[in-house]
Every structure is written in C-alpha cells, then in structure tokens.
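Colleague: please find the sequence and the predicted model below.
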Amino acid sequence: MIETWRWFGPRDVTTIANVMQTGAQGIVSALHHLPDGAVWTAGEIGKRQEQVRFTAEERASGLEWLVVESLPVSEDIKRQTGEWKAHLAHYRQSLENLAAAGIETVCYNFMPVIDWTRTQLAWQVPHGGYCMRFDAVDFAVFDIHLLKRKGALGDVPPEVAEAADRRHRDMSEAEKAAIAASVLAGLPGAADVLSLDTVQFHLDKYGEIDAERLRRHLFAFLEEVVPTAERLGLRLCCHPDDPPFPLMGLPRIMSTEADYRVVLDHIPSPANGMTLCSGALGARPDNDLPGIMRRLGGRVHFIHLRNVKLEGREVGSSFYECEHLEGSVDMAALVDAIVDEERRRKAEGRPDHSIPMRPDHGQDILDDIGRGAQPGYPLIGRLKGLAELRGLFRATERFKDVPA
C-alpha cells in the first residue's frame, strides 16, 4: 500500500511541511487553476512537482506527485458539444506531458455539472467536531424550492417532498442560503462557486441526455484516450458518482458495481481502471465494498478510504461522513480484500502491486476547527484517519503472515 495525501497546491492551508509529518509517501494533486479542457503543459506540471518536492522554506520534502486527481473531463466532452473534439486532443496531450514527467496514475470522473454534493459542509457531531452531511430532505428543499427545477417534485418520494415543504416554510433566509451555498460549493480545490443560474444553465444543456446516452459519451471518451494511456504506460481510473444516485434530474452512470463492470468490459485494457472510493460507493446500501474489491480488484488503480453512516436503507437516503473505522462500510473487510489483491498482484509479478491509497476526507477536530481548510480535507482529522487505516493494514498483513 502506498500511502498518499491529497494536496490542493500552494493555496492549501495544509502545507507540504505538514504532510511530511503525516508519514504519507506521496502526493495526490491537480492543476486546479487551469480551466477544464485546457492542456496541462510540461511547464505547469513541472512547477507543481517542484512545489511538492520542496517546502515553502526550500527544504527537500522527500515527496513526489504520484497521482493526478483529477485531470478533469470537460462538460463539452461529456455532452459532445462545442469544443469537445479539441478538448479530447488536449486531454491526450496532457497525458503525454504527465507521462513524460513520470506520473503514472490519473484519476478522473464523469459526473455532469456538479462533483460531490453535500447539503452541510460543517455538521456538528456529538463529540464536538464537524463533518460533511447529505440530508435528503434538505436537498429536496434546494431542488424544489430554491433551484425550482422543473420536474424536481416528481423525482423524490411523496413523503420527502412533504417534509421538504414543511422544512422550507420554517427556514430562515440565512438557513436557505446556507443550504444553497453547500450544494453549490463547487469542485474540491476550485476557486469558483456555482450560482443557481449557472446550474440551471448547465441543467438545460443536459435536457436530452439520459444515462444511456451519457454512457455512450463515456465510451467515446475512453476509446479516444485509453490507447494513448496504454501506449504511455499510464493507469486511468474513474471515480464513482458522489453521492451514487441521480440528483437534479442528471444521469449518474458510475454508481454501482454493475456500472463499473460495463465500462471495464467495454475496454478491457489495463489502462482503463477504477478509483475505488469507499465513501462515495458506500453511500448506497446496495453496494458491497469488500465484494467489489474482490471481484474488480485487478482493475483498481487508486483507493480512497473513508466511511459514511447511512440513515436509511433506501437508495438516496441521508448520510454523514463519520470516522474512518466506524460507519456503514465494513472497513476491516475492505482492507482484508485490498491486502489479498495486493498479494495476488505481487505473486503475478505486477509492477503496480502496491496500490496508492489516500485517507479520504475527515472530520474537523481539535485545531482543525476554524482553520479554514477545504471542506472535507482537514489536517488532523485526516491524519487520525490515516493512523487508524495504517494500523488496520499492518495488523491485517501481520495476521495473514501468521502460519495457520
């Protein structure tokens, strides 16, 4: 297991000097300041590598940029509109430049319009810390009453719509604004924040695109970029939808094991792989995370480990992000499956037998509170998660080494 740490660049309140003290072995980063569809030039890639290799005090960190998260797929590519063919060429060139810089693992996602979606970015848990939360009723308030999307009322169960109506009537204007701000917070690390008008503009552009058509567009994207990645020795890995169910009438096509199997079977190249995110996939009660790892593990190129607590057994239920070894995902069983997959790869002689993993998200605890980190990415909360996961991995490996 290669322990990695997500770093958003020089603006991140967690510094490279901080990361050095976590014990992480490498960095996960992206060029968030570049617009979607642009070429990642050799100069920009090299600049980020140098920012990783040295602290602000110009001390060697011993760290390298190991995983890209994410090389974004533009909305034009997802919709096959506008400059989508030029963006495909730019994507291939970016892969060329990343490979030349020695970076081998590239994560991306195919979620339309909005990346991860939460209704609260700082929900207080009983111990006094804070986490991110998705409340199904609050999201219905946003969709039906704030965005006022046509068709929103019919997309939720009647009892959720009724609860949203009652909650909306009792909300202050400040509470409504807080929900909208959370949902529209934008991509992790991005400087821009979406507006209601901007979201509606993009929703209108997806009006004729259903899940089947979006999947065809994903296939077309992969058919263009996977041969380049395979030639360069790169590993592409698609991140699941977060949360893994339809929102705002938009299609979701990477939410279940069946979704991944269709995509992986369509292009059975080792360059076409999966980012296994236990928190994103774990937000559906019908996703079996240890089973997914055991059945699709040979194509898993990157792992995010975090946990969620589901508050219902229906797809689309509320959930919150809990501590890494708690919650609805059986983390011990998942780690057991990961260790088995790594050992299988090593026995086969695969050079990628150690899979990059990062402790995903974390609760704001202790000095994280008030520090202003990117939502979901506090220093101490993630360090606590990394320490717990490191212990679980080492104990699992040690147990497997004990003779029967």
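Modeller: Yep, that arrived.

Colleague: using PDB, write out every CA atom in stretch 136-149.
Modeller: Taking only C-alpha atoms (Å, rounded to 0.1, in the frame of the first residue of the first chain), the coordinates of stretch 136-149 have been written out as PDB:
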ATOM      1  CA  ALA A 136     -32.200  14.100   1.600                       C
ATOM      2  CA  VAL A 137     -34.900  16.500   2.800                       C
ATOM      3  CA  ASP A 138     -32.600  19.500   2.700                       C
ATOM      4  CA  PHE A 139     -31.600  18.600  -0.800                       C
ATOM      5  CA  ALA A 140     -35.200  18.400  -1.800                       C
ATOM      6  CA  VAL A 141     -35.700  21.900  -0.300                       C
ATOM      7  CA  PHE A 142     -32.800  23.000  -2.500                       C
ATOM      8  CA  ASP A 143     -34.000  21.300  -5.700                       C
ATOM      9  CA  ILE A 144     -37.800  22.000  -5.300                       C
ATOM     10  CA  HIS A 145     -37.900  25.400  -3.600                       C
ATOM     11  CA  LEU A 146     -34.600  27.100  -4.200                       C
ATOM     12  CA  LEU A 147     -33.500  26.000  -7.600                       C
ATOM     13  CA  LYS A 148     -37.100  25.400  -8.500                       C
ATOM     14  CA  ARG A 149     -36.200  22.900 -11.100                       C
END
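
Colleague: in it, what counts as buried?
Modeller: Residues 136-147, 149 are the ones in stretch 136-149 that count as buried (16 or more other C-beta atoms under 10 Å). C-beta here means a position set from N, CA and C on the backbone, and glycine is covered the same way.

Colleague: which ones among those residues are found in helices?
Modeller: 136, 137, 138, 139, 140 (DSSP state H).

Colleague: return the member of the residues you listed nearest to residue 220.
Modeller: Closest approach to residue 220 among those (C-beta to C-beta): residue 139, at 30.8 Å.

Colleague: which element is residue 309 on?
Modeller: Here residue 309 is covered by strand 307-310, with elements defined by DSSP states H and E.

Colleague: and that strand, how far from the chain's centre?
Modeller: Taking the mean of its C-alpha atoms, strand 307-310 sits 15 Å from the chain's own mean (C-alpha atoms, centre = their mean, to the nearest Å).

Colleague: could you say what helices and strands it packs with?
Modeller: Judged by 3 or more C-beta pairs under 8 Å, 6 or more residues apart in numbering; DSSP states H and E, strand 307-310 is in contact with helix 278-281, strand 319-322.

Colleague: would a markdown table of those with mean neighbour count, distance to residue 244 and mean pLDDT be doable?
Modeller: Shown next, in a markdown table, are these (neighbours: other C-beta atoms under 10 Å; distance: least, C-beta to C-beta, whole Å; pLDDT from 0 to 100):
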| stretch | mean neighbour count | distance to residue 244 | mean pLDDT |
| --- | --- | --- | --- |
| helix 278-281 | 26 | 6 | 98 |
| strand 319-322 | 23 | 11 | 98 |
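
Colleague: save the ones you listed as a markdown table, and put in distance to residue 110 too.
Modeller: Converted to a markdown table, the helices and strands packed on strand 307-310 look like this (distance: least, C-beta to C-beta, whole Å):
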| stretch | distance to residue 110 |
| --- | --- |
| helix 278-281 | 13 |
| strand 319-322 | 22 |
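
Colleague: what's the per-residue pLDDT of the closest residue to residue 147 other than its chain neighbours here?
Modeller: On the basis of C-beta to C-beta, 6 or more residues apart in numbering, the spatially nearest residue to residue 147 that is not a chain neighbour turns out to be residue 196, at 5.8 Å. Per-residue pLDDT puts residue 196 at 90.

Colleague: residue 196: what's it in contact with?
Modeller: By C-beta atoms under 8 Å, 6 or more residues apart in numbering, the contact list for residue 196 reads 146, 147, 180, 184.

Colleague: check the contact between residue 392 and residue 325; I expect there is one.
Modeller: Yes - assessed by C-beta atoms under 8 Å, residue 392 is found in contact with residue 325 at 6.8 Å.

Colleague: which residues do the two both contact?
Modeller: By C-beta under 8 Å, 6+ apart, residue 392 and residue 325 have these common neighbours: 331, 332.

Colleague: so which residues of the protein form strands?
Modeller: Along the chain, counting by DSSP state E, strands occupy 2-6, 26-29, 65-69, 105-108, 120-124, 130-134, 235-238, 272-277, 300-305, 307-310, 319-322, 356-359.

Colleague: for the ones you listed, which one sits closest to residue 57?
Modeller: Closest among the strands of the chain, using C-beta to C-beta: strand 26-29, at 17.3 Å.

Colleague: show me what that closest one is in contact with.
Modeller: 2-9, 16, 19, 48, 52, 63-69, 107, 356, 358.

Colleague: only the buried subset of those residues, as a ChimeraX command please.
Modeller: Here is the ChimeraX selection string for the buried members of those, based on 16+ other C-beta under 10 Å:
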select :2,3,4,5,6,7,8,16,19,48,52,63,65,66,67,68,69,107,356,358
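
Colleague: could you export the helix or strand bottoming out on mean pLDDT in the chain as CSV, CA atoms only?
Modeller: Within the chain, no helix or strand scores below helix 196-205, which has a mean of 91 by mean pLDDT, DSSP states H and E. C-alpha atoms of helix 196-205 as CSV (Å, rounded to 0.1, in the frame of the first residue of the first chain):
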residue,chain,number,x,y,z
LEU,A,196,-28.3,28.9,-9.2
ASP,A,197,-28.5,30.5,-12.6
THR,A,198,-25.3,28.8,-13.7
VAL,A,199,-26.5,25.4,-12.5
GLN,A,200,-29.8,25.8,-14.3
PHE,A,201,-28.0,26.9,-17.5
HIS,A,202,-26.0,23.6,-17.4
LEU,A,203,-29.0,21.5,-16.5
ASP,A,204,-30.8,22.8,-19.6
LYS,A,205,-27.9,21.7,-21.7
